[in-house]
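Chemist: Got a predicted model here, sequence first, then my questions.
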Amino acid sequence: MPNARRLALPASFALVVAASASACAQRIDKSSAVDRDAGADGALDTGFVLTDSGALDTHLDPDATCLRDPEQSTRIPPSILILFDRSASMADCPAAAVTNCPGATKWDEATTAIEQLLLSLPKDLRLGIKFFGTNDDSCLDADYAKPDVAIGPLSLTQVQIDCWLGAASCAGITPMKPLTLTEMAPALRGGVRYLRAMPADGARIVILITDGDPSNCDATNQVADVIAAAANGWGGTPKVRTYVIGVPGATVSNLSQIASAGNGKRTPSCVAGTLDPLQACEYQIGAGNVEADLQAALYDITNKARTCTFKIPPPSGDAATFDPGQVNVDVTSAGTTTELPRDTTQANGWDYTDGGDSITVFGPTCDAILNDDTTTVDVVFGCPTKMPS
């Protein structure tokens, strides 16, 4: 099938809507409108001729199945919940050997990193925050399904987050301090519950920031319970992805398994149970510069979540009937166009998300979209969907 006309917009969808008939054929291109609208004698061609059966639209190729020109889709910002450990150990120095911290604590550097990140993110990104544990060290999942700042556009939530972090002053908000135990499993289960219940389109993401292993709550708050919560997030509907950032003091192998289970892998080739921070699936922060390293990790995560989900505009006109089995995705990079298969496992290809209201690209192709602003994506309606061979 001939290539669709592309809109040269970085990481955006040009949507080609088509009425499904018998087979794919050449679409109509507005770039040739002058040739089609002018007759041989130079007179304006109305595009219709009269026949015994009525008016026939001569602008349409009678064999064509693609009847409408490209439309640009709207990128959907992700919904991100920062799940932030405020256990007492976060008040320690980044260097474990230093017991009486003369400088910034892990908490100081982590909160500053978050505040700096907020300044650089697009204001339409949807972000909220939940601190764990609670003042009474609750072990109830429901207590962590209520964020301290509900997810919303950063333009609305940034000031509230700053107030909880102590970077701004808000009436009725007392800045958080690191004073609690580490109710990590209830916090993640509650965070997944909250994100899953949100009436929002786009990716749902938890960013878990911690400096240790679970403590308190006995049998319901073991490392295996946190891994299970992350796996449930990714395995349920809608999917919730869990990224993990380990501040100095965290156990690399434990956090790497959590990130792997939640499909929040730092790299595709990471090793779930490794002891090596360089091979781990989480972002492990060293003691050298917690603020800078944490800010870099947060930026990398938010960038990964930023551009691979797109809203499908409602079909209209000749393509008013939408057939989800007649959709394909073309990706063009460096002048080469590849037809991407639909992958319902959401590992390497594209799939419907948000109940079919959006399309998300997964795997290496998503990485390419994120890393190359010149990559373009076309969604073509009207031909049988290509599935993995």
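Modeler: Looks like it came in fine.

Chemist: separation between residue 337 and residue 331?
Modeler: Distance, residue 337 to residue 331, using CB to CB, to the nearest Å: 7 Å. C-betas here are computed from N, CA, C, even on glycine.

Chemist: Settle it for me: which of these two has more neighbours?
Modeler: Higher neighbour count among residue 337 and residue 331: residue 331, with 19 against 13, using other CB atoms under 10 Å.

Chemist: My read is that the more buried one contacts residue 375, right?
Modeler: Yes - using CB atoms under 8 Å, residue 331 is in contact with residue 375, at 6.6 Å.

Chemist: tell me the contacts of the residue nearest the centre of the chain?
Modeler: The residue lying closest to the centre of the chain (CA atoms, centre = their mean) is residue 305, at 3.2 Å. With contact set as CB atoms under 8 Å, 6 or more residues apart in numbering, residue 305 has these partners: 78, 80, 203, 205, 241.

Chemist: could you dump those to CSV with distance to residue 259?
Modeler: Converted to CSV, the contacts of residue 305 look like this (distance: CB to CB, whole Å):
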residue, distance to residue 259
78, 17
80, 15
203, 16
205, 12
241, 10
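
Chemist: Quick check: which helices or strands does the helix or strand where residue 193 lies pack against?
Modeler: Element membership for residue 193, per DSSP states H and E: helix 184-197. Applying 3 or more CB pairs under 8 Å, 6 or more residues apart in numbering; DSSP states H and E, one finds that helix 184-197 contacts strand 79-85, strand 126-132, helix 141-144, strand 204-210, helix 223-235, strand 240-246.

Chemist: same thing but at 6 Å, please
Modeler: strand 79-85, helix 141-144, helix 223-235 (3 or more CB pairs under 6 Å, 6 or more residues apart in numbering; DSSP states H and E).

Chemist: Restrict it to CA atoms and write it as CSV.
Modeler: Presented in CSV, the C-alpha positions along helix 184-197 are these (Å, rounded to 0.1, in the frame of the first residue of the first chain):
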residue,chain,number,x,y,z
MET,A,184,6.5,-0.6,51.3
ALA,A,185,4.1,-3.4,50.3
PRO,A,186,0.9,-1.7,51.5
ALA,A,187,2.1,1.5,50.0
LEU,A,188,2.6,-0.1,46.5
ARG,A,189,-0.7,-2.0,46.7
GLY,A,190,-2.5,1.1,47.6
GLY,A,191,-0.7,3.2,44.9
VAL,A,192,-1.7,0.6,42.2
ARG,A,193,-5.3,0.6,43.5
TYR,A,194,-5.4,4.4,43.3
LEU,A,195,-4.0,4.6,39.8
ARG,A,196,-6.1,1.7,38.5
ALA,A,197,-9.3,3.5,39.7
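
Chemist: Other residues contacting that helix?
Modeler: 81, 83, 132, 139, 141, 144-145, 204, 206, 214, 221, 225-226, 229, 233, 240 (CB atoms under 6 Å, 6 or more residues apart in numbering).

Chemist: ok, now with 7 Å
Modeler: Contacting residues not belonging to helix 184-197 are listed as 79, 81, 83, 130, 132, 139-145, 147, 204, 206, 208, 210, 214, 217, 220-221, 225-226, 229-230, 232-233, 236, 238, 240, 242 [CB atoms under 7 Å, 6 or more residues apart in numbering].

Chemist: Could you do stretch 80-90 as well?
Modeler: 106-107, 114, 126-133, 147, 151, 176, 178-182, 187-188, 191, 194-195, 205-212, 249, 302, 305.

Chemist: quick revisit: so which one of the contacts of residue 305 is the model least confident about?
Modeler: Lowest pLDDT among the contacts of residue 305: residue 203, with 84.

Chemist: and the closest residue to that residue other than its chain neighbours, how many residues sit next to it?
Modeler: Among residues not flanking residue 203 along the chain, residue 78 sits closest, at 4.0 Å (CB to CB, 6 or more residues apart in numbering). By other CB under 10 Å, 23 other residues sit near residue 78.

Chemist: Please apply the same query to residue 339.
Modeler: Residue 339: 13 surrounding residues under other CB under 10 Å.

Chemist: next one: residue 124
Modeler: 11.

Chemist: got it, and residue 253?
Modeler: 16.

Chemist: In three-state terms, label it for me.
Modeler: Look at residue 253: counting by DSSP: H, G, I helix; E, B strand; the rest coil, its state is helix.

Chemist: Same question for the one 5 residues further on.
Modeler: When the structure is split into helix, strand and coil by three-state DSSP, residue 258 lands in helix.

Chemist: surely it meets residue 244?
Modeler: Yes - the pair residue 258 / residue 244 is scored as a contact, 5.2 Å apart, by CB atoms under 7 Å.

Chemist: pLDDT weak spots in the stretch 51-200 of the chain?
Modeler: Across the stretch 51-200 of the chain, the ranges flagged by pLDDT under 70 are 51-75, 96-100.

Chemist: And the strands in it?
Modeler: Under the criterion DSSP state E, counting those that start in this stretch, the stretch 51-200 of the chain carries strands at the ranges 54-57, 71-72, 79-85, 126-132, 149-153.

Chemist: Fine by me, we can end here.
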